[in-house]
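> any chance you can model this:
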Amino acid sequence: MIALISLLLLIGLQASSPVDAKKCPELYRRYSAQHTFCLPANNTCSILKRGVTDKDKKLIVKLHNDYRNKVATGQESHAGGMPQSS
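Sure thing, here's the model as predicted:
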């Protein structure tokens, strides 16, 4: 009975969804009809900043390289103790 009610609710949500199938690719709809890519723009939201600064880019690359080095030398313990690369 609960499964039937859940199914009916899901069908009802899909039917009442404001998603325009032509504008929302299947790639996003397969996750959720309410995926943020599929929803209309929020006109009350204003972007204060966009993009990535050079300082941020350097930090991202440094963190990536530090982690990559940790994995390559077998020092990464959070990923299940992966073996050292050859």
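> and the helices in the chain?
Counting by DSSP state H, the chain has these helices, from start to end: 2-15, 26-29, 54-72.
> next, count neighbours for Ala41.
6 (other C-beta atoms under 10 Å). Just so you know, the C-beta spots here come from the backbone N, C-alpha and C atoms, and that holds for glycine as well.
> distance of it relative to Lys23?
According to C-beta to C-beta, to the nearest Å, Ala41 and Lys23 sit 11 Å apart.
> next one: Gln75
Distance, Gln75 to Lys23, by C-beta to C-beta: 46 Å.
> return the backbone torsion pair for the residue lying closest to Lys70 once chain neighbours are set aside.
Closest residue to Lys70 apart from its sequence neighbours, by C-beta to C-beta, 6 or more residues apart in numbering: Glu76 at 4.8 Å. Main-chain dihedrals, Glu76, degrees, to the nearest 10: phi -90, psi 110.
> my read is that Glu76 contacts Tyr67, right?
Yes: between Glu76 and Tyr67 there is a contact at 7.5 Å, judged by C-beta atoms under 8 Å.
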